[in-house]
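K.L.:
sequence and predicted structure below; questions after.
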Amino acid sequence: MSSAEAATVSPNKRPISVTILAWIYIAVGALGVVFRFHGLLGQGAFPWGGLSVELVEVGAIVCGAFMLREHNWARWLAVAWIIFHVVISVGAWRELAVHSVICAVIIWILFRPAATRYFRGAPIGPG
C-alpha cells in the first residue's frame, strides 16, 4: 500500500451492521432499478412518474455505496430514504407498520456509537 493509500484508510473499522445495511441498500436499489426498468420503457415519451421511482432506487444504491466509503452524508441520505418510504406508506397501514419498523432499525444501526465513530472518520468533500 502506498503512502497516499495509507492516508485515505480510516482508523475506524466499519461495523458489520453498517456493512450489511449498506449492501442491503445497494441490493434493494439495484433490484428496484432492474424490475421497474421495463415498466419505465413502456410508459411512452414522458415517463416522469417511472423516472422518479428509478431515481429513488438509484438513491438507495448511492446511499449504500457511499456508506461503505464512510461518507456521513450517505448515512443521513439513507435515513431520509427510509423516512420517505414511511411517509408514502401513510394510508396503507400494513406498509406503514413495516416501513416504520424498518426505519427504526436503520436509525438504530446508523446512530449507534460504533457507527457514529466510523462515519466521523470519513473524508470531507468529494473523493
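P.N.:
Now that the structure is in, tell me what you want to look at. Residues are numbered from 1 along each chain as shown.
K.L.:
contact partners for the residue nearest to the spatial centre of the chain?
P.N.:
In the chain, the C-alpha nearest the mean C-alpha coordinate belongs to Cys63, at 3.1 Å (C-alpha atoms, centre = their mean). Counting by C-beta atoms under 8 Å, 6 or more residues apart in numbering, Cys63 makes contact with Ala22, Tyr25, Gly29, Ala74, Leu77, Ala78, Trp81. Every residue, glycine included, has its C-beta placed from N, CA and C.
K.L.:
again, only this time at 10 Å
P.N.:
Going by C-beta atoms under 10 Å, 6 or more residues apart in numbering, Cys63 touches 21-22, 25-26, 28-29, 71, 73-82.
K.L.:
right, and Pro15 touches Arg117 too?
P.N.:
Yes - counting by C-beta atoms under 10 Å, Pro15 touches Arg117, with 8.8 Å between them.
K.L.:
which of the two has more neighbours?
P.N.:
Neighbours were counted for Pro15 and for Arg117 using other C-beta atoms under 10 Å; Pro15 has more, 18 against 14.
K.L.:
picking up where we left off before, can you turn the buried part of the contacts of Cys63 into a ChimeraX selection?
P.N.:
To isolate the buried ones among those in ChimeraX, judged by 16 or more other C-beta atoms under 10 Å, type:
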select :21,22,25,26,28,29,71,74,75,77,78,79,81,82
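K.L.:
so which of the contacts of Cys63 sit within helices?
P.N.:
Those of the contacts of Cys63 mapping onto helices are 21-22, 25-26, 28-29, 73-82, per DSSP state H.
K.L.:
and the two most separated of these?
P.N.:
Val28 and Trp73 (19.2 Å; C-beta to C-beta).
K.L.:
just the element for Val33, please.
P.N.:
helix 16-41 (DSSP states H and E).
K.L.:
of the ones in helices among the contacts of Cys63, which is the nearest to Val56?
P.N.:
Of the ones in helices among the contacts of Cys63, the one sitting nearest to Val56 (C-beta to C-beta) turns out to be Trp81, at 7.4 Å.
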